[in-house]
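Trainee: Need a 3D model of the sequence below.
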Amino acid sequence: MKDFLAISDYSSDEIQDLLDVAVKLKKEYFEKGNEPILKGRVLGMIFQKPSLRTRVSFDMAMRHCGGDALYLSPNEIGLGKRESIADIARVLSGYVQALMARTFDHAHVLELAQWSDIPVINGLSDYNHPCQGMADALTIIEKFGSKSKGLNISYVGDGNNVTVSLMHVSALLGWNVTVGTPEGYDLNPRAVAIAEDIAQRTGSRLTFVRDPHQAVKGAHVIYTDTWTSMGQEEETARREQVFPPYQVNAKLVSEADKDVIVMHCLPAHRNHELTDEVADGEHSVIFQQAHNRLHAQKAIIARLFGVA
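Mentor: As a prediction, this is how the structure comes out:
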């Protein structure tokens, strides 16, 4: 692994290996603390978009493993504006040992990786969110077991970057995916084509529907996300007219498998896409999921450095 830009860049075995490392590092952390396998290494963190979970989880992942992290705010780096991305990548390659970038434009992440001499991690782009996808898979495995082929993963809401990575990791692990979105809010067609190619190899089944109730029938996992992502604020009023039927509430959850888990990548707009009753209820794993960002990212960083 040179970079971690998209889950679909890797094979099923490679993704399973990463998840196995995450399980090992999480267990080690709670038993005795992690070994300082990242000692002497610094992760540069480039933020165009702010984030509680991304910043803290990457920072603490480095600290737990003996390394350090350097936060670079939007005011300090204007990707492609004040300075070219190529120059930024080459400058930072001489200062730190890896980069994580949380950007609006996926092309910016790709260009950083192209010009960087050090590993680049996609902390989020408008196309996908691979670190979130790995944390999601880790959470599902903790609930259902690592060899649970044929799980039914259902996503309802906006077909966004989080959905892309969830779909790809699920397909690679042999889980079935149903995506329920309103018309006009479908997934990126290129991402769907990639998922379909993966599914042909793994036996995963992909289904795309409009009806959220149809989407959750037989679901072992119900996943949702905010109706309006950062950068889409001007669409808020229109989206709030479209998405209420896709709210994950007690009635929708009752239509899934009796042991269903409910997931959300956070931050949640409570009582919009997800009700308080569900978010704080017996089926919710949203905080376990958030905490798993830390451990999944330890595995990604460790593998990029070849130390785990």
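Trainee: Give the bridge partners for residue 45, please.
Mentor: With beta bridges defined as DSSP bridges, residue 45 has these partners: residue 71, residue 100.
Trainee: roughly how far apart are it and residue 54?
Mentor: 8 Å (C-beta to C-beta, to the nearest Å). (Each C-beta comes from the backbone N, C-alpha and C, glycine too.)
Trainee: Which of the two has more residues huddled nearby?
Mentor: A direct count of neighbours by other C-beta atoms under 10 Å for residue 45 and residue 54 places residue 45 higher, at 24 against 21.
Trainee: confidence score at that one?
Mentor: At residue 45, the pLDDT value in this model is 97.
Trainee: got it, and residue 148?
Mentor: At residue 148, the pLDDT recorded in the model is 73.
Trainee: same question, residue 231
Mentor: Listed pLDDT for residue 231 reads 66.
Trainee: before we move on, the earlier item: what sits in contact with each of residue 45 and residue 54?
Mentor: Residues within reach of residue 45 and of residue 54 at once, by C-beta atoms under 8 Å, 6 or more residues apart in numbering, are 100, 102, 123.
Trainee: Would you mind measuring from the second one to residue 257?
Mentor: What that stands for is residue 102. Computed with C-beta to C-beta, the distance linking residue 102 and residue 257 is 34 Å.
Trainee: For residue 281, see how far away residue 254 is.
Mentor: Where residue 281 is concerned, residue 254 sits at a distance of 11 Å (C-beta to C-beta).
Trainee: and for the worst-scoring helix or strand of the chain on mean pLDDT, what are the contacting residues?
Mentor: For the chain, counting by mean pLDDT, DSSP states H and E, helix 236-242 ranks last in confidence among helices and strands (a mean of 89). Residues from elsewhere that reach helix 236-242 (C-beta under 8 Å, 6+ apart): 158, 182, 184-185, 227-228, 232, 272.
Trainee: The chain: helices as residue ranges?
Mentor: Counting by DSSP state H, the chain forms helices over residues 12-31, 52-64, 85-92, 106-115, 130-144, 161-172, 189-202, 212-215, 236-242, 250-254, 276-279, 286-305, given from the N-terminal end onward.
Trainee: Could you list the alpha-carbon positions for the fifth one in CSV?
Mentor: In other words, helix 130-144. The C-alpha trace of helix 130-144 is given here as CSV (Å, rounded to 0.1, in the frame of the first residue of the first chain):
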residue,chain,number,x,y,z
PRO,A,130,-12.9,5.3,2.7
CYS,A,131,-11.8,5.7,6.4
GLN,A,132,-15.4,5.9,7.4
GLY,A,133,-16.1,2.8,5.3
MET,A,134,-13.4,0.8,7.2
ALA,A,135,-14.8,1.9,10.6
ASP,A,136,-18.3,0.9,9.4
ALA,A,137,-17.1,-2.6,8.3
LEU,A,138,-15.2,-3.0,11.6
THR,A,139,-18.4,-2.2,13.6
ILE,A,140,-20.5,-4.6,11.5
ILE,A,141,-17.9,-7.4,12.0
GLU,A,142,-17.9,-6.8,15.8
LYS,A,143,-21.7,-7.3,15.8
PHE,A,144,-22.0,-10.2,13.3
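Trainee: So which elements touch that helix?
Mentor: In terms of contact count using 3 or more C-beta pairs under 8 Å, 6 or more residues apart in numbering; DSSP states H and E, helix 130-144 is assigned the packing partners helix 12-31, strand 120-124, helix 161-172, strand 261-264, helix 286-305.
Trainee: Then the third one?
Mentor: In terms of contact count using 3+ C-beta pairs under 8 Å, 6+ apart, helix 85-92 is assigned the packing partners helix 106-115.
Trainee: and the helix it packs on, how far from the chain's centre?
Mentor: Its chain's C-alpha centre and that of helix 106-115 lie 18 Å apart, by C-alpha atoms, centre = their mean, to the nearest Å.
Trainee: in it, what's buried?
Mentor: Taking 16 or more other C-beta atoms under 10 Å as the basis for neighbour counts, the residues of helix 106-115 that come out buried are 106, 108-113, 115.
Trainee: Considering those, which is situated nearest to residue 210?
Mentor: Checking the buried residues of helix 106-115 against residue 210 by C-beta to C-beta gives residue 106 as the nearest, at 26.6 Å.
Trainee: how about the closest one, what does it touch?
Mentor: Remark: with contacts taken as C-beta under 8 Å, 6+ apart, residue 106 is in contact with 122, 125-128.
Trainee: That one and residue 48, how far apart?
Mentor: 12 Å.
Trainee: Among residue 102 and residue 257, which residue is more densely surrounded?
Mentor: More crowded of residue 102 and residue 257, by other C-beta under 10 Å: residue 102, with 23 against 18.
Trainee: mind listing what that one touches?
Mentor: For residue 102, the set of contacting residues under the criterion of C-beta under 8 Å, 6+ apart consists of 45-49, 51, 54, 123-124.
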